[in-house]
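>>> Got a predicted model here, sequence first, then my questions.
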Amino acid sequence: MVRGPFYDKNGLKKGAWTSEEDYKLTCFIQRYGHSNWCKLPRLAGLSRCGKSCRLRWVNYLQPGVKRGNFTKEEEGLIIKLHEEAGNKWSMIAKNLPGRTDNEIKNHWHTHLKKHIKQNPKTSEVKEKFSGALKRKAKQKRESEIESVHASASSHQILESSSLSPEVSSPKFSSLGSDHSPVTGINWIEEDRRLASSFETCGDFWSEPFVADDMYIPYEFTISPYVSYYDDGIDLFDQVMQELPKN
DNA sequence: AATTCCCGCAACCGCATGACG
DNA sequence: TCGTCATGCGGTTGCGGGAAT
């Protein structure tokens, strides 16, 4: 159901991701975070562009990503938010924990659109909502920076990002299974195997992540990873309250 | 049983925006 | 202030499974 793998003129791999690539990307981000998507593929030993890695992580590998059918409640919320804000898929996704913008967009085009008679609100509503989103995003970025600095100072992030079954497996446990929804990998087993490899093979973490120069830039030594699911619902409520009552 | 057609969804592409020097 | 680069977002593509014929 996906495009077959191929290589472009720059030698970058395109098309469907393999379970091995998923594994490399997941392990690398768990350990080093993803502060620089451009450098990440090379350091992780992947022949992919940064954008491709980011998309794969955000839409598929990221912890908490919910797969499967949309509930009636979720569909209702999508319809409502789409009526208010239009094709702001990322905003809509923030109001549906575990759903990605891509998945919502696909679901809209394949299921919901055909059943919905468009009822666009005024441009005033859209502009106000868009402006509020930007303000909120700026505030969030600033607070994230403070948070990362505070955590880095106590080494908590580095500790939590080290790969162990207790830490890494919950990334997929929210799916109700220890298996990746796509790769079929049993991540608990994989983590055990990985931990074993780490104990018996001292250079595991230098391959394939750092194949060439054995150097991890500073930005990868402190994970900037923060909760993906923020307070979008609060924002939506706030904006709706600001709108003039007709 | 074989073929065609349609649909779902993962992934790609181009553009807009923001950060940084 | 301007130019460059990285990132994020939304639109689109195209493969493959399943339904229809």
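Good, I have the coordinates. Numbering: from 1, shown residues only, chains lettered A, B, ... in the order given.
>>> So residue A:3 sits against residue A:17, correct?
No. Residue A:3 sits out of contact with residue A:17 when judged by Cβ atoms under 8 Å, with a separation of 10.4 Å. C-beta: built from backbone N, CA, C; applies to glycine.
>>> which of the two has more neighbours?
Using other Cβ atoms under 10 Å as the criterion, residue A:3 and residue A:17 rank with residue A:17 on top: 21 against 8.
>>> That one: what's it in contact with?
If you count contacts by Cβ atoms under 8 Å, 6 or more residues apart in numbering, residue A:17 has them with A:56, A:60.
>>> where's it, which helix or strand?
Using DSSP states H and E, residue A:17 falls within no helix or strand.
>>> cool, the one 10 residues further on as well?
For residue A:27, the enclosing helix or strand under DSSP H and E is helix A:19-32.
>>> and that helix, does that touch DNA strand C?
No. If you take Cβ under 7 Å from any atom of the strand as the test, helix A:19-32 misses DNA strand C, and the best it gets is 11.9 Å.
>>> how about that helix against DNA strand B, any contact?
No. Using Cβ under 7 Å from any atom of the strand, helix A:19-32 stays clear of DNA strand B, coming no nearer than 8.3 Å.
>>> Leaving aside the residues adjacent along the chain, what's closest to residue A:102?
Nearest-residue entry for residue A:102: residue A:59, 4.7 Å, with adjacent residues in sequence omitted and distances by Cβ to Cβ, 6 or more residues apart in numbering.
>>> no, scratch that, I was asking about residue A:48
Residue A:48 sits nearest to residue A:41 (Cβ to Cβ, 6+ apart), 4.8 Å away.
>>> May I see the buried residues of the host helix or strand of the one you found?
Assigned by DSSP H and E, residue A:41 falls within helix A:40-43. By 16 or more other Cβ atoms under 10 Å, the buried positions in helix A:40-43 come out as A:40-41, A:43.
>>> any chance of these in JSON lines, plus distance to DNA strand B?
Shown next, in JSON lines, are the buried residues of helix A:40-43 (distance: Cβ to the nearest atom of the strand, whole Å):
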{"residue": "A:40", "distance to DNA strand B": "14"}
{"residue": "A:41", "distance to DNA strand B": "11"}
{"residue": "A:43", "distance to DNA strand B": "18"}
